[in-house]
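In: Fold the stuff below for me.
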Amino acid sequence: NLEELRARIEIGVRIINLEHELNQKFVAIKRTYYQSIHMFTQLLEIYNEQLGGHCRLVGKLSLKLAKRHPDVPPDDYPVIEAAGLLHDIGLIGLPETLVTKSITEMTGDEKTLFRSHPERGEMILSEVDLLLPVSRLVKMHHEQMNGRGFPDGLADEQFPLGARLVGAASIYDDLIYRSKISYDEIPEQLQKYRGYQIDPVLIDLLLEINLSQMQAQADKTDERIDID
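Out: Predicted coordinates for the structure are as follows:
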């Protein structure tokens, strides 16, 4: 039936056009999402280069942990990576001394200010609708398995796996680059956090990553030679 065939072809053309429009909108949304993340990471770099470097490394490590964890679906990878990249965005605008001090060195007022940064980070990121899932993880990245974290004192399964991944990545990066602990000494240090601050499964994954870092370091063939 020619008329029926013509009608079906017209419907098919409309469907193809709609799919094309949806694809274009999806590409535009994706571009806006990554541009927003890039803008915030640039702000972190400008505010403090050390903090910006820390956040970049935590973003990479959060993604590595997510890919190794059996309970993290691939669809969650971009959100977890972005939360790692932006987990300390709430420190912008606070005294720069908070970036370089450990929490044990802070005064009472400094501790109060520092403890506000997860909620400040959530507030900043939640202004962008596309970053709402990221903002929730950022707010909870300092929660601990024992319930002694902040801002809400959540424990165990009360806060999502994504936030636990980012928190674990941040602690590991601090041990390596702020505390200057060698890869050889990292396993002993990480065991102190097992089940206390960090999920035991994540401790095992960090130990695997640390071992691969040690192997990569051992495989280096670079040698320093002074030349007159």
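In: May I have the secondary structure class of the nearest residue to residue 29 once chain neighbours are set aside?
Out: Nearest non-adjacent residue to residue 29, counting by C-beta to C-beta, 6 or more residues apart in numbering: residue 130, 7.0 Å away. To be clear about C-beta, it is placed using only N, CA and C from the backbone, and glycine gets the same treatment. What DSSP: H, G, I helix; E, B strand; the rest coil gives for residue 130 is helix.
In: For residue 130, give me its contacts.
Out: 29, 32-33, 36 (C-beta atoms under 8 Å, 6 or more residues apart in numbering).
In: Can you flag the buried ones in those?
Out: Using 16 or more other C-beta atoms under 10 Å as the burial test, those include 33, 36 as buried.
In: Turn the contacts of residue 130 into a markdown table, including pLDDT, secondary structure and distance to residue 159.
Out: Below are the contacts of residue 130 laid out as a markdown table (pLDDT from 0 to 100; DSSP: H, G, I helix; E, B strand; the rest coil; distance: C-beta to C-beta, whole Å):
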| residue | pLDDT | secondary structure | distance to residue 159 |
| --- | --- | --- | --- |
| 29 | 87 | helix | 28 |
| 32 | 88 | helix | 28 |
| 33 | 90 | helix | 24 |
| 36 | 92 | helix | 24 |
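In: and residue 161, how far is that from residue 69?
Out: To residue 69, residue 161 is 7 Å away according to C-beta to C-beta, to the nearest Å.
In: what's the answer for residue 16, then?
Out: To residue 69, residue 16 is 39 Å away according to C-beta to C-beta.
In: Okay then, goodbye and thanks.
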